[in-house]
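1. Okay, structure incoming, though there's no sequence with it:
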């Protein structure tokens, strides 16, 4: 059983006068169902190691992306729009030849997965503001087989809450003098450990691998609107995994189910927003069950 990953790099070609962005990937290998894992705001691809290792052992083709502005990817991209994150996801799928893929995203990564599913909807209704960029032309329809959203949804965010997130990121007492200090500040336990794994050592301390101002800028669109039109356009199976003490209100989940009657849902007891770090074995089991319900390309689901 393979338990390691290989770093791969993709530099997106922005075209004439466009932006080239370096994207870093953790490629766990595998030949089965392609899975692309997307971390949350200020996170990193390594957050998925506990889940990725289990999914790879199941035989799946597993890749985790450091999204733009994060980790080993470009930290100061000129474009931090939601459309740019969607375009990155599609570029990774193209670059690695991942067809009939399932996206698994937590928090802000789940939002990127949601918008990518809307952009690739066969009916075309999902090609709204997050998918109108000419960079996506010719690559939209029929790319995905399913989506797993972990603590993510289409509801709009309170600008005051988003401002609080920015204040929290700015207030990190960096550099952290030691790993123990970082783990304690970032929540302790598996959550603190997971966030600390995303830090880098330099100049005698541990520093975040992101710029707080880039993170704050990337939240701007979510403060201005909700994404229900995109949500309603999704035409692939969706699993929404919520934490008992998470951020998705019951009324938002109810509306998600009303607009997508086939929505699968699960709530993980005793967990918070970073449930993928707290209970990776539970999330793995939920994702595995969901994958078993999705037919592979070319397979008749009625046989």
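-> Now that the structure is in, tell me what you want to look at. What you see is a predicted model; the values in this text were computed from it and never measured.

2. Could you list the residues in contact with stretch 203-212?
-> Stretch 203-212 is touched from outside by 42, 44, 69-72, 75-76, 166, 169-170, 172, 174-179, 182, 196, 198-201, with contacts defined as C-beta atoms under 8 Å, 6 or more residues apart in numbering. Placement of C-beta: from N, CA and C, glycine included.

3. Next step: the residues you listed restricted to strands.
-> Using DSSP state E, 200-201 are the members of these that sit in strands.

4. which of the contacts of stretch 203-212 are buried?
-> The neighbour-count test (16 or more other C-beta atoms under 10 Å) marks 42, 44, 69-72, 75, 169, 172, 175-176, 182, 196, 198-199 as buried among these.

5. Can you list which of those residues are found in helices?
-> Mapping the buried ones among the contacts of stretch 203-212 onto helices (DSSP state H) picks out 169, 182, 196.

6. Tell me which helix or strand in the chain has the weakest average pLDDT.
-> For the chain, the helix or strand with the lowest mean confidence is helix 220-224, at a mean of 92 (criterion: mean pLDDT, DSSP states H and E).

7. Toward the C-terminus from that helix, list the very next helix or strand.
-> Proceeding C-terminally, helix 220-224 gives way to helix 228-233 as the next helix or strand, assigned by DSSP states H and E.

8. residue ranges of the strands in this protein, please?
-> Going by DSSP E, the chain shows strands at 6-12, 21-29, 34-38, 61-66, 101-106, 144-150, 200-202, 205-207, 238-243, 264-268.

9. right, and the ones you listed - which one's nearest residue 84?
-> strand 21-29 (7.9 Å; C-beta to C-beta).

10. Distance from the closest one to the middle of the chain?
-> Relative to the centre of its chain, strand 21-29 is centred 13 Å away, using C-alpha atoms, centre = their mean, to the nearest Å.

11. Report the buried residues of it.
-> Buried residues in strand 21-29 (16+ other C-beta under 10 Å): 21, 23-28.

12. Kindly report the same for stretch 54-65.
-> So, applying 16+ other C-beta under 10 Å, buried residues of stretch 54-65: 54-56, 60-65.

13. Save the residues you listed as a markdown table, and put in pLDDT and distance to residue 147 too.
-> Formatted as a markdown table, the buried residues of stretch 54-65 follow (pLDDT from 0 to 100; distance: C-beta to C-beta, whole Å):
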| residue | pLDDT | distance to residue 147 |
| --- | --- | --- |
| 54 | 97 | 19 |
| 55 | 98 | 15 |
| 56 | 97 | 20 |
| 60 | 97 | 15 |
| 61 | 97 | 16 |
| 62 | 98 | 16 |
| 63 | 98 | 15 |
| 64 | 98 | 16 |
| 65 | 98 | 15 |
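
14. Check these against residue 279 and report the nearest one.
-> residue 54 (11.8 Å).

15. Contacts only, for the closest one.
-> 280-281, 284.

16. same thing with residue 37?
-> Listed by C-beta under 8 Å, 6+ apart, the contact set of residue 37 reads 45, 48, 51-52, 62-65, 104-105, 109.

17. what's the farthest-apart pair in those residues?
-> 62 and 109 (14.7 Å).

18. helices or strands up against the longest helix along the chain?
-> In the chain, with assignment by DSSP H, the single longest helix is helix 82-96. Counting contacts by 3 or more C-beta pairs under 8 Å, 6 or more residues apart in numbering; DSSP states H and E, helix 82-96 packs against strand 6-12, strand 21-29, strand 34-38, strand 61-66, helix 108-119.
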